[in-house]
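In: mind looking at a prediction? Sequence and model below.
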Amino acid sequence: MHHFSYIDGRLHAEAVPLEAIAAQVGTPCYVYSTATLTRHYRAFADAFADLDATICYAMKANGNRAVLRLLTGLGAGVDVVSGGEMGLALAAGAPADRIVFSGVGKTKDEMAAALNAGVHQINVESEPELDALDAVARELGVRAPVAIRVNPDVDAATHAKITTGKAENKFGIEWTSARTVFRRAMTLEGIAVHGVAVHIGSQILDLAPFEAAFRKVRDLVALLRADGVTIDRLDLGGGLGVPYHADDHTPPPPSAYAAVVARTVGDLGCALTIEPGRAIAGNAGVLVSRVTYLKEGMTRTFAIVDAAMNDLMRPALYDAWHDIWPVVEPSAGVERHPIDVVGPVCESSDTFARDRSLPPLAADDLVAFMTAGAYGAVMSGQYNGRPLVPEVLVDGDRFHVVRRRPTLTEMASLEDLPPWLTDAR
Ligand code: LLP
């Protein structure tokens, strides 16, 4: 459920008309809803209240500083995947002891920064990484608190580009070598082994793959404990999906997901971490855009909008569907026609929707790309010289521009001409 709805014929974020935000901030812009973020975080917190669990929001989904501040203020920890994310999380006020650091390619510098900051846990994904972390920790005279990510070889039945728990994926330690790696980790002076981590993919709409993966984790914990390995933590990753499309079957609620966790690994006496990203931020955000032109092509009609693939990459990258809602509510019974909604970027993959059945659109109309709160702004770039899109947080009847649109001067200021070219004109 989210808090974007029509009030008096105008699409609002909570109590704020999107027209008012567009008028002040310009388009395109991302708009996030505090009430929706809060509701989703609380749904996880309540579902896991009876388990010893920390909800470490996966900030890769949406690393906006206000979103982080809001969620950590509600009690969330943060799952980070780079030194950059860790620095930004700390700057947003996330307590280090609620940060878990995941990712397949942590550098030694990133490891040292994480150990110096005192993060709760580092999830190790390979033997070379384990050795590197051991060396870094010993150099600093500390022991790194570690969970070892295993690859359970479970099919999450989601898009191939966001599947992570199959044997052919780059993530985690191969299931069959897990015992050997854990046993060796126990002998390393710089490593304090705490637990097992898994993450099988994203936008998962069924509980069965989670159940299969968690059962495998349970079996592994029994074997590891029999080997004398201390396992007092489990990190179960993220992955619960959100509805993007009316035909998607409704994803299970956090309570059903928590019930699977409880019945598979709930009695192992481990402190649990879960890392939801999309399920918290996904439908808490929209991308507001204005129609620039309506163009009758040779065979189809195009609505050319001022947002583009660099602002919301998901359709170009994964053929993802985002609902498109006109900001002025279409009158009941209005005829819908198939239309292509495209951005101004100079390539054909800059297409948000093909043959989308929409009410008539005209130049200057505002539209909202729905469910754009996760993997939207964070994945954006400046292709075609397009400034990064501003991000606005709404709370009730107020809103605030958390990240403003950079000026061209700011964009250019990161570049410096070589001296031999400065006088060339
Ligand atoms: N934990 C780990 C280790 C992850 O790799 C991910 C996501 C998460 C947690 C959070 O997963 P979530 O709860 O959000 O599903 N850009 C893609 C999604 C990539 C997900 C990568 N890993 C998209 O737009 O669909």
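Out: Cool, the structure landed.
In: who in this structure is up against the ligand?
Out: Proximity of the chain to the ligand, by Cβ under 6 Å from any ligand atom, involves residues 58, 60-61, 79, 102, 162, 164, 199, 202-203, 237-240, 275-279, 314, 318, 374-375. Heads up, the C-betas are built off the backbone N, CA and C, glycines and all.
In: drop anything exposed from the residues you listed.
Out: By the neighbour-count criterion of 16 or more other Cβ atoms under 10 Å, the residues of the chain next to the ligand include these buried positions: 58, 60-61, 79, 102, 162, 164, 199, 202-203, 237-240, 275-279, 314, 374-375.
In: burial check on the residue lying closest to Val342 once chain neighbours are set aside, number of neighbours?
Out: Distances taken as Cβ to Cβ, 6 or more residues apart in numbering place Thr351 nearest to Val342, at 5.0 Å, with adjacent residues excluded. Counted with other Cβ atoms under 10 Å, the burial measure for Thr351 works out to 18 neighbours.
In: centre of the chain to stretch 252-267, how far?
Out: Offset of stretch 252-267 from its chain centre (Cα atoms, centre = their mean, to the nearest Å): 21 Å.
In: so for that stretch, mean pLDDT?
Out: With pLDDT averaged residue by residue, stretch 252-267 scores 97.
In: next one: stretch 314-325
Out: Over the span of stretch 314-325, the pLDDT mean works out to 97.
In: send the alpha carbons of it over as PDB?
Out: Once non-C-alpha atoms are left out, stretch 314-325 reads as follows in PDB (Å, rounded to 0.1, in the frame of the first residue of the first chain):
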ATOM      1  CA  ARG A 314      14.700   0.000 -15.100                       C
ATOM      2  CA  PRO A 315      12.600  -0.200 -18.300                       C
ATOM      3  CA  ALA A 316      15.600   0.100 -20.500                       C
ATOM      4  CA  LEU A 317      17.700  -2.300 -18.500                       C
ATOM      5  CA  TYR A 318      15.200  -5.000 -17.400                       C
ATOM      6  CA  ASP A 319      12.200  -4.300 -19.600                       C
ATOM      7  CA  ALA A 320      10.600  -3.300 -16.300                       C
ATOM      8  CA  TRP A 321       7.000  -2.100 -16.100                       C
ATOM      9  CA  HIS A 322       6.100   1.000 -14.300                       C
ATOM     10  CA  ASP A 323       2.500   2.100 -14.200                       C
ATOM     11  CA  ILE A 324       2.000   5.600 -15.600                       C
ATOM     12  CA  TRP A 325      -0.600   7.800 -13.900                       C
END
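In: contacts for that stretch, please.
Out: Stretch 314-325 is contacted from outside by 4, 11, 159, 161-162, 244-246, 286-287, 309, 312, 341, 349-353, 356, 358, 367-372, 375-376, 379, using Cβ atoms under 8 Å, 6 or more residues apart in numbering.
In: how about stretch 15-22?
Out: So stretch 15-22 is in contact with 7, 10-13, 29, 31, 286, 288, 290, 327, 366, 368, 392, 394, 396-399, going by Cβ under 8 Å, 6+ apart.
In: let's see that with 7 Å instead.
Out: For stretch 15-22, the surrounding residues in contact (Cβ atoms under 7 Å, 6 or more residues apart in numbering) are 10-12, 29, 31, 288, 290, 327, 366, 368, 392, 394, 396-397, 399.
In: in strands, which of these fall?
Out: When these are checked against strands (DSSP state E), the matches are Arg10, Leu11, His12, Cys29, Val31, Val288, Arg290, Leu366, Ala368, Val392, Val394, Phe399.
In: let's have those in TSV, adding pLDDT and distance to Ala47.
Out: What follows is those, written out as TSV (pLDDT from 0 to 100; distance: Cβ to Cβ, whole Å):
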residue	pLDDT	distance to Ala47
Arg10	98	34
Leu11	98	30
His12	98	28
Cys29	98	32
Val31	99	27
Val288	99	31
Arg290	98	39
Leu366	98	36
Ala368	98	29
Val392	99	29
Val394	98	25
Phe399	98	29
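In: can you pick out the most distant pair from the residues you listed?
Out: With distance counted by Cβ to Cβ, no two of those lie farther apart than Arg290 and Val394, which are 18.7 Å apart.
In: ok, which stretches of the stretch 101-250 of the chain are strands?
Out: Across the stretch 101-250 of the chain, reading from the start of the chain, the strands by DSSP state E, counting those that start in this stretch fall at 121-124, 144-151, 173-174, 191-197, 233-235.
In: may I have the longest one as PDB, with CA atoms only?
Out: What follows is strand 144-151, C-alpha atoms only, in PDB (Å, rounded to 0.1, in the frame of the first residue of the first chain):
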ATOM      1  CA  ALA A 144      36.600  -8.600  11.900                       C
ATOM      2  CA  PRO A 145      33.100  -9.700  12.800                       C
ATOM      3  CA  VAL A 146      32.100 -11.800   9.800                       C
ATOM      4  CA  ALA A 147      29.300 -13.700   8.300                       C
ATOM      5  CA  ILE A 148      30.200 -15.800   5.300                       C
ATOM      6  CA  ARG A 149      27.800 -15.600   2.400                       C
ATOM      7  CA  VAL A 150      27.000 -18.900   0.800                       C
ATOM      8  CA  ASN A 151      25.300 -19.600  -2.500                       C
END
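In: please name the strands paired to that strand in the sheet, noting orientation.
Out: Looking at strand 144-151 with DSSP bridges, its paired strands and their directions are strand 121-124 (parallel), strand 173-174 (parallel), strand 191-197 (parallel).
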